[in-house]
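Visitor: Sequence isn't available, so here's the structure alone:
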């Protein structure tokens, strides 16, 4: 006797609709967007803010690791 069949669960059905319509995004959504753009960013002669995926923060460093540009905030704890 089968007590639980997830393929017929109304919750499973609703969850699939939500994921497929971008109402609910996975926790690693921005990370996936960055991974898809990594080659383009790595080969760009200069990285501009418009090239960074939405939802991502960035910091551009010099070769000496000195911050040059970005939208990260320095927080003191």
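Guide: It's in. Here the structure is a predicted model, which means the values were calculated and not measured.

Visitor: Now do the helices in the protein.
Guide: 10-20, 29-43 (DSSP state H).

Visitor: could I get those helices as CSV with distance to residue 49 and mean pLDDT?
Guide: C-betas here are computed from N, CA, C, even on glycine. Output for the helices of the chain, formatted as CSV (distance: least, CB to CB, whole Å; pLDDT from 0 to 100):
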stretch, distance to residue 49, mean pLDDT
helix 10-20, 29, 76
helix 29-43, 12, 91
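
Visitor: need the ones you listed in CSV with mean neighbour count, can you?
Guide: Below are the helices of the chain laid out as CSV (neighbours: other CB atoms under 10 Å):
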stretch, mean neighbour count
helix 10-20, 11
helix 29-43, 12
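
Visitor: Give me the nearest residue to the residue sitting nearest the centre point of the chain, chain neighbours excluded.
Guide: With distances taken as CA atoms, centre = their mean, residue 30 lies nearest the centre of the chain, 0.4 Å away. In space, residue 30 comes closest to residue 55 once its chain neighbours are excluded; the distance is 4.3 Å by CB to CB, 6 or more residues apart in numbering.

Visitor: Then residue 62?
Guide: residue 68 (5.5 Å).

Visitor: and that neighbour, what does it touch?
Guide: 60, 61, 62 (CB atoms under 8 Å, 6 or more residues apart in numbering).

Visitor: can you count the residues close to the last one?
Guide: Burial measure for residue 62: 9 neighbouring residues, criterion other CB atoms under 10 Å.

Visitor: The second one too?
Guide: Close neighbours of residue 61, defined as other CB under 10 Å, add up to 11.

Visitor: Hmm, residue 69 and it touching each other?
Guide: No: Residue 61 is beyond contact range of residue 69, at 9.1 Å (criterion: CB atoms under 8 Å).

Visitor: list the contacts for the residue nearest to residue 30?
Guide: 29, 30, 33.

Visitor: How much space separates the nearest residue to residue 56 once chain neighbours are set aside from residue 14?
Guide: Nearest residue to residue 56 in three dimensions, chain neighbours excluded: residue 30, at 5.1 Å (CB to CB, 6+ apart). As judged by CB to CB, to the nearest Å, residue 30 and residue 14 stand 24 Å apart.
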